[in-house]
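Student: Okay, predicted coordinates and the sequence, questions at the end:
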Amino acid sequence: MKIFIFLPLLSFLFFLLPKKFQSYFNALFVIIVAAISSYYAIDVISSGETFTECLPFNVWGNQIILTIDLLSAFFILVINLTVITGSLFAIEYMGMYKERRRSDFYLHFFSFFWLLYSMLMVCMIHNMVAFLVAWEIMSVASFVLVIFENEKPEVLKAGINYLVQMHIGALMLIVGVILVYNETGSLDWSALTTYFSKNSNIGLFLLFFAGFGIKAGFVPFHTWLPQAHPAAPTHVSGIMSGVMIKMGIYGILRVLLHTQSDLLTIGIIILVISIVSGITGVGTAIIQHDLKKLLAYHSIENIGIIGIGIGTGLIGVATQNDLIAILGFGGGILHVLNHSLFKSLLFYSTGSVYLKTHTREIDNLGGLIKKMPHTAILFLVASIAICGLPPFNGFVSEFLIYNGFAASMISSSVGLKILMMFSMLSLVVIGGLAIFCFTKAFGIVFLGTARHIKTEAITEVRWYSLLPQYIILMAIVAIGVVPGLFTGLFFKLAGLYVHSASIVPTSTVLNITSISWFVLLFIGLAIFMYFIKWLFARNKVIEQAPTWGCGYTGDASKLQYTASSYAENYSHDMDDLLNQKTEYDRIATEDIFPQQRSYKTHSESLAEKKLFSPVILSLQKLLNKLAFVQTGKTQHYIMYMFVLLIALILLTIFKVI
Amino acid sequence: MKAAGIIMILLTSLVFPGIITRVKSIASGRKGPGLFQPMLDIIRLLKKGSVYSTTTSFIFKIAPVVYFSTILSAACLLPFDNEPGLLSFNGDFIAFSYILALGKFFMIIAALDTGSAFEGMGASREALYSLLVEPAFFVLMASFAMFTGHTSFYEIYNSIYFSSYIAVFVGVLAAYNLFQIIMVENSRLPYDDPKTHLELTMIHEVMVLDNSGFDLALINFASSMKFVVFGTLISNFFFTPETPLYLGIAIFLSIQFLFAVMVGIAESFRARYKLRNNNKAIVLLTPISILIFLSILMIIMHQN
């Protein structure tokens, strides 16, 4: 562990390396750091004992202790897997920018390393002040990563927006930490237990929830996500969406470990906010035509699903029903892993598409499955997984959460029964909308024929970009087909929250191996049917012909459905909620000859428009009135300081402060 | 005899569409084809070669196989008589619904694979309608789970009983709603007309315009199997734990027959909805399910 603490010194090597080697060195470096931290994390998981080590130096007189408990260990493993695949994927992807200056490269990779390191530290540090420092490094590092293409105004705007929102979140955390310190005099996470045992739990929890929720992207704190993810280079988006926003979930889970009373209220609040997040996320994702923006909105949806699991689990804890608690927390935490897998895979394969076509506009793409078959398969599997369909991993976590709902509907009070029914309804709607969205995304981007791109020069990405993606694919399939291997860990993690831990009945009540059998049955049937098909097709005439066009035999590529037309029958009915804006040139009656025209749609977030903009505007108005003090004359400023000093002295003399 | 159910479902699927067509022909005063005509059509298709569009990829080739397998797997979860299905576990109604959704997913992307405007249209509608109908089914099943205290098909059906008047009322309402859900899931009247000849108004049929030969046979058989699978959801209500197997088979067959006749009659005497109104009509099924849920909640509170 000593080496681990001094490893960051090596990161300054990035400033010396030529840009050709930066990405290779980065991958190597990330793998070393990940391997060391994973070693300790796996050790903690297998032995079940918490690992602690004191840092050999003090920070402002505070001893900093690195602690890896079960929760940290799990998050460390998730972080490492995604960051390793991201660093491998970056090798070819960053080649796209080889014309850029060397300083861009070393800043990028320097921050990339620090993002990984700070995320690991966030998981390991239990001292809250040091935690906030790591949290801050994480935000700043990811900010630098987001603004890689900083010559584009929209990228810079997204970056600044991100940075500001992160600091609002950090501010809430700081206030929370101060409150705890004032009350207990301790800065360790465990001080929360003392605080929560004496005071009402809701207030402080909500403060932390808002602070961490901005990072996680719960509605209404989600507005930074759809801007920052498209702006960042793809491997960064994959990591940010895959694991960095999960640090918010980690924070919430960490605080929940210490809460003691009002659990029912807290659970219901989390559940309701998560349901709103889930539906808003996926409902807005459908009408997006920027592929990365679409994925960003899906991150909000999946954070919602994770939250739904956690909320359900908490309700289970509050009503002393262990089964519901284990299913809810288990499903939610498993979804953290699942989402990090399929979302990073989706971002990487989107990155491959962007690398080769230089566009993220879904309406321009099409027919890529013929040119990039591997990428298409990877995207397809990730799409099926994110929709929560069997035989992949998304199904397992959603299945656990559904079972939590069902269990709660059977045994809870009437009010909770109704709540659970609506939660189930929402999760079904989320799943259905996700299917709608990903049939669109996959179908329009990879199938049919190209709409507005030249396909001749498009080739598959290189093997070292495909390798990390196939590694993720294997994890997705493994969790989907043999969930029994993994659920033990998740039930153990869920057990952290169940005070009268009795984990045995869960495994018998919920026979997780049945899912394996079911999935295997399906896969077996599919293979068998394909074999039958092959038998039948052996000596038959198989012909190729153009798609049937109702008599039209010309070039049909412009007649194809596009992403917008596919979503039209949905967006038409949802217009009021989606707040979609359309701009186009109307055809005037005197226009005889067709000219080039444009048609643009974009949707503005309702939360931003109705919730934040009015507040910010009125705040601006108020602050504008105070602008008279800002005269720009040095003499005045010196006077202000002087007045302040006098005031302070007077206040001390009269013992006001 | 855990496999009895799946065998009966497969056998019934052979004549199910035939009965519907026959009822429709009688209702409209035509002589009409025989009961086995749809199956003979499928057999004829099996003997034929295939034509694949040059636009399509392997997705188009595997989709019918996946679609068929999903429905067969879903059928394996259903109990029959007083036996559980091939597989039975807690929450299997969730797996049932999700595996069917996987089949739809593949049919939708296969339709988009052809790059045809018509099939894109069908795909978009299918995706929207299945998303709108899904909540109704889930709330219905979850209500029964709540009613019986169990979450697997087998246990739900085994312990359900409609004792009081209100329970019978709920049963009737549930049967009506299930019937409507089935009509949406199978793309039948009044939501979609399988016999329409205009591509612009089709939903399911337009998605399979480019399929031929073995693939089309598989899709057609899968569709009739899907009908029977959903019919089994209804017929299972009529089994008691004491029903012997031969009686079970008789009940199963007569319910399926009645169900097919009802579909035929319903299709003969009503027009389809305007496409724009489909959304509203399908969304309406969810409030009915919620009504069932609330009624069951009342029954439970009354019992305690």
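Tutor: It's in.
Student: Neighbours of residue A:110, how many?
Tutor: By the criterion of other Cβ atoms under 10 Å in any protein chain shown, residue A:110 has 20 neighbours. In short, each C-beta sits where N, CA and C put it, glycine included.
Student: For it, which non-adjacent residue is spatially closest?
Tutor: Using Cβ to Cβ, 6 or more residues apart in numbering or on different chains and skipping residues adjacent in sequence, the residue nearest residue A:110 is residue A:14, 4.6 Å away.
Student: Give me the pLDDT value at that neighbour.
Tutor: Per-residue pLDDT puts residue A:14 at 85.
Student: Check residue A:502 too.
Tutor: For residue A:502, the predicted pLDDT is 57.
Student: circling back: okay but the residue nearest to residue A:110 is in contact with residue A:109, surely?
Tutor: Yes. With contact defined as Cβ atoms under 8 Å, residue A:14 reaches residue A:109; the gap is 5.0 Å.
Student: Count the residues that sit near residue B:234.
Tutor: Residue B:234 is flanked by 17 other residues according to other Cβ under 10 Å.
Student: Where does it sit: helix, strand or coil?
Tutor: Put simply, residue B:234 is helix when judged by DSSP: H, G, I helix; E, B strand; the rest coil.
Student: ok, now which ones touch it?
Tutor: Taking Cβ atoms under 8 Å, 6 or more residues apart in numbering or on different chains, we find residue B:234 in contact with B:175, B:178-179, B:255, B:259.
Student: so what's residue 75 up against?
Tutor: This is for chain A. So residue A:75 contacts A:123, A:246-247, A:250, A:336 (Cβ under 8 Å, 6+ apart).
Student: The chain in question should be chain B.
Tutor: Going by Cβ under 8 Å, 6+ apart, residue B:75 touches B:5-6, B:9, B:85, B:225, B:229, B:232.
Student: which SSE is it in?
Tutor: Taking DSSP states H and E as the criterion, residue B:75 maps to helix B:58-76.
Student: from the middle of its chain, how far away would that helix be?
Tutor: 15 Å (Cα atoms, centre = their mean, to the nearest Å).
Student: Next secondary structure after it?
Tutor: helix B:92-113.
Student: Pull out the C-alpha coordinates of that following helix and format them as CSV.
Tutor: Extracted in CSV, the C-alpha atoms of helix B:92-113 (Å, rounded to 0.1, in the frame of the first residue of the first chain):
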residue,chain,number,x,y,z
ASP,B,92,-41.5,-15.9,-13.3
PHE,B,93,-44.3,-13.7,-14.7
ILE,B,94,-41.6,-11.0,-14.9
ALA,B,95,-39.3,-13.3,-16.9
PHE,B,96,-42.3,-14.3,-19.1
SER,B,97,-43.0,-10.7,-20.0
TYR,B,98,-39.3,-9.8,-20.5
ILE,B,99,-38.5,-12.8,-22.7
LEU,B,100,-41.5,-11.9,-24.9
ALA,B,101,-40.1,-8.3,-25.1
LEU,B,102,-36.8,-9.7,-26.3
GLY,B,103,-38.6,-11.3,-29.2
LYS,B,104,-40.3,-8.1,-30.0
PHE,B,105,-37.0,-6.3,-29.8
PHE,B,106,-35.6,-8.6,-32.5
MET,B,107,-38.6,-8.3,-34.7
ILE,B,108,-38.4,-4.5,-34.5
ILE,B,109,-34.7,-4.3,-35.4
ALA,B,110,-35.2,-6.9,-38.1
ALA,B,111,-37.9,-4.6,-39.6
LEU,B,112,-35.5,-1.7,-39.5
ASP,B,113,-32.8,-3.9,-41.0
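Student: where does chain A have low pLDDT?
Tutor: Counting by pLDDT under 70, chain A contains low-confidence ranges at A:59-60, A:499-510, A:657.
Student: For stretch A:581-596, give me every contacting residue.
Tutor: Against stretch A:581-596 from outside (Cβ under 8 Å, 6+ apart): A:597-604.
Student: ok, those vs residue A:512, which is closest?
Tutor: residue A:603 (39.6 Å; Cβ to Cβ).
Student: ok so the residue nearest to residue A:110 is a helix residue?
Tutor: Yes. Under three-state DSSP, residue A:14 falls within a helix.
Student: tell me the domain ranges of chain A?
Tutor: A:266-537, A:606-653 (automatic domain parsing).
Student: Figure out which of those domains is closest to chain B.
Tutor: domain A:266-537 (3.1 Å; Cβ to the nearest Cβ).
Student: ok, how many other residues are close to the closest residue to chain B within the stretch 451-600 of chain A?
Tutor: When scored by Cβ to the nearest Cβ, the stretch 451-600 of chain A has residue A:561 as its residue closest to chain B, at 2.6 Å. Other residues within reach of residue A:561, judged by other Cβ under 10 Å, total 25.
Student: Identify the residue spatially nearest to residue B:57, adjacent ones excluded.
Tutor: Counting by Cβ to Cβ, 6+ apart, residue A:369 is the residue found nearest to residue B:57 once chain neighbours are left out, at 4.6 Å.
Student: How about the secondary structure of that neighbour?
Tutor: helix.
Student: tell me the contacts of residue 194?
Tutor: Using chain A. Residue A:194 touches A:183-184, A:186, counting by Cβ under 8 Å, 6+ apart.
Student: oops, I was thinking of chain B
Tutor: B:187-188, B:204-205.
Student: Helices - which of these land there?
Tutor: B:204-205 (DSSP state H).
Student: Check the contacts of residue B:194 and tell me the two furthest apart.
Tutor: Pairwise distances across these (Cβ to Cβ) peak at 11.1 Å, for the pair B:188 and B:205.
Student: Taking the stretch 101-250 of chain B, what residue is nearest to chain A?
Tutor: residue B:120 (2.6 Å).
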